[in-house]
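Peer 1: using only what follows, build the 3D model:
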Amino acid sequence: MYTVPSTQTTSSSQSVISAQTAVPAQNETEILAEGVSAVEFQGGTDIARDHAIDDALRKAVEQGVGTFINSETQVNNFQLISDNIYSKTSGYVSSYRIIDEGENAGLYRVVIRAIVKIDNIENDLAAIGILLAEQGRPRIMVVVKELDSMSELSNMNSLMGSIMFETMILDHFRQQGFPVVDAATVAGILERDQLKLILEGDDATATLIGLEAGAEIVIAGTAMHSQESRIIAGSPREIHEYQVSTRAINTRTGSVLAGSAMTVTLPFSESQARSQAADSTSSELASAILSGWIQGENTTVIVATNADFDKVQALRSELRLKIRGVLDVIARDFTGTRATLEVISETATSQVIDELTSGELNVNFQVTGMSGNRIEIRFTD
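Peer 2: Below you'll find the model as predicted:
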């Protein structure tokens, strides 16, 4: 993943970079990388240039992470370290500059000098913004209700208007740059029985409501509040405790992206305890979601109509063989003439879709719809 300095301006979908990169600091390394894109299949020079820059940035991150891994192997007497170290290392470009570019023989090539940073991304808002863009800017919807006891689930009337805790979580994601679904939209479509099911842990209902609200991620769960009097330093004090259990659900696949369970206890102030619990929960969920994206496994959903077994198998084979970064293609559903495939890839969903629609696959189909990481196609004869 890469970031650009906030002082930059954009002349196209790609940022214009300053004349020189910053000096590498601790946990940073300078990398020279080249990116390439085919002009014909990208629809023009400008788009091909953007994709070539993206390609160079991805290669810079791969090389940069490899540099740090190689350094660690030397420290450890050149012993071989397992490849799974990649899954524990976050890498993104903190700055870069283009040192050469041009079109030749139908290809647009860009050479960049980039500074790759190995560190946590959670507090880097520029990097988060670009990472969100690579994921199709998924919208966050929050359904987290504050309870004094689980018996309140039998009286959903009072919970329908309880939005304080979930608003705090929503604000946290908004401040990090995530697009969000406002509480009023959720309240307008969420029925009492659906809310009860979601709070009880029904991910299928959460997925259904999320899709209806236009959200790609649903944060769902409960915040159990309790208080008791304790003697502290010889004086009675009111102690407030929040037990929070939440999960982040990918509405595109129905899978759980992240989970969080924590207890926050503070004396004196219920509002401070609530605020700390909401902030800690939000930070943990956001960190897990971002880390999952950085590790490079993305899911692209292909919904195909006019399908039969041979067409689906041919498409799966072509995707594995001809699209860079594809790890697996899973047939999730095949009913009648409709099939749903999940493409698991190391590259961003946007790149998978670009290559899928490039015309290079030996499978005939038309694109009938596209949204986020989901593309709808119709096989043609």
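
Peer 1: what's whichever strand or helix holds A220 packed up against?
Peer 2: When elements are assigned from DSSP states H and E, A220 belongs to strand 217-232. Here strand 217-232 touches strand 140-147, helix 164-175, helix 192-199, helix 203-213, strand 235-250, strand 256-267, helix 270-294, going by 3 or more CB pairs under 8 Å, 6 or more residues apart in numbering; DSSP states H and E. All C-beta spots, glycine's among them, are computed from the backbone N, C-alpha and C.

Peer 1: how about the last one: buried residues?
Peer 2: Buried positions in helix 270-294, judged by neighbour count with 16 or more other CB atoms under 10 Å: 273-278, 280-282, 284-286, 289-291, 293-294.

Peer 1: try stretch 205-221
Peer 2: If you call a residue buried by 16+ other CB under 10 Å, then stretch 205-221 has these buried ones: 205-210, 213, 215-221.

Peer 1: bridging residues for T265?
Peer 2: E241 (DSSP bridges).

Peer 1: swap in I115?
Peer 2: E30, S95.

Peer 1: quick check: which ranges of the protein have low pLDDT?
Peer 2: By pLDDT under 70, the weakly predicted segments of the chain are 1-27, 41-43, 65-92, 118-127, 130, 134, 153-161, 294-297, 372.

Peer 1: what distance do you get for the residue nearest the centre of it to L211?
Peer 2: Residue closest to the average C-alpha location in the chain (CA atoms, centre = their mean): W293, at 4.8 Å. Counting by CB to CB, to the nearest Å, the gap from W293 to L211 is 20 Å.

Peer 1: before we move on, back to that, just the CA trace of the strand holding A220, in PDB.
Peer 2: This file holds the C-alpha atoms of strand 217-232, laid out as PDB (Å, rounded to 0.1, in the frame of the first residue of the first chain):
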ATOM      1  CA  ILE A 217     -19.200  -4.000   6.100                       C
ATOM      2  CA  VAL A 218     -21.600  -4.300   9.100                       C
ATOM      3  CA  ILE A 219     -20.200  -3.800  12.700                       C
ATOM      4  CA  ALA A 220     -22.700  -5.700  14.900                       C
ATOM      5  CA  GLY A 221     -22.700  -6.600  18.600                       C
ATOM      6  CA  THR A 222     -23.600  -5.600  22.200                       C
ATOM      7  CA  ALA A 223     -22.200  -3.400  24.900                       C
ATOM      8  CA  MET A 224     -23.300  -4.700  28.300                       C
ATOM      9  CA  HIS A 225     -23.200  -1.900  30.900                       C
ATOM     10  CA  SER A 226     -23.100  -2.600  34.700                       C
ATOM     11  CA  GLN A 227     -22.200  -0.600  37.800                       C
ATOM     12  CA  GLU A 228     -21.500  -1.400  41.400                       C
ATOM     13  CA  SER A 229     -20.300   0.400  44.500                       C
ATOM     14  CA  ARG A 230     -16.800  -0.400  45.800                       C
ATOM     15  CA  ILE A 231     -14.700   0.900  48.700                       C
ATOM     16  CA  ILE A 232     -11.600   2.600  47.200                       C
END
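
Peer 1: re the thing from before, could you single out the nearest of the buried residues of stretch 205-221 to A184?
Peer 2: Closest approach to A184 among the buried residues of stretch 205-221 (CB to CB): A213, at 10.7 Å.

Peer 1: need the contact list for that closest one.
Peer 2: 141, 181, 185-186, 189 (CB atoms under 8 Å, 6 or more residues apart in numbering).

Peer 1: most neighbours among those residues, please name it.
Peer 2: Neighbour counts for the contacts of A213 were taken using other CB atoms under 10 Å; the highest belongs to M141, with 29 neighbours.

Peer 1: beta partners for it?
Peer 2: With DSSP bridges as the rule, M141 is bridged to V218.

Peer 1: isn't it up against A183?
Peer 2: No. In this structure M141 lies outside contact range of A183 using CB atoms under 8 Å: 9.4 Å.

Peer 1: can I see the domain layout of this structure?
Peer 2: Annotated domains of the chain cover 28-119, 140-294, 298-379 [automatic domain parsing].
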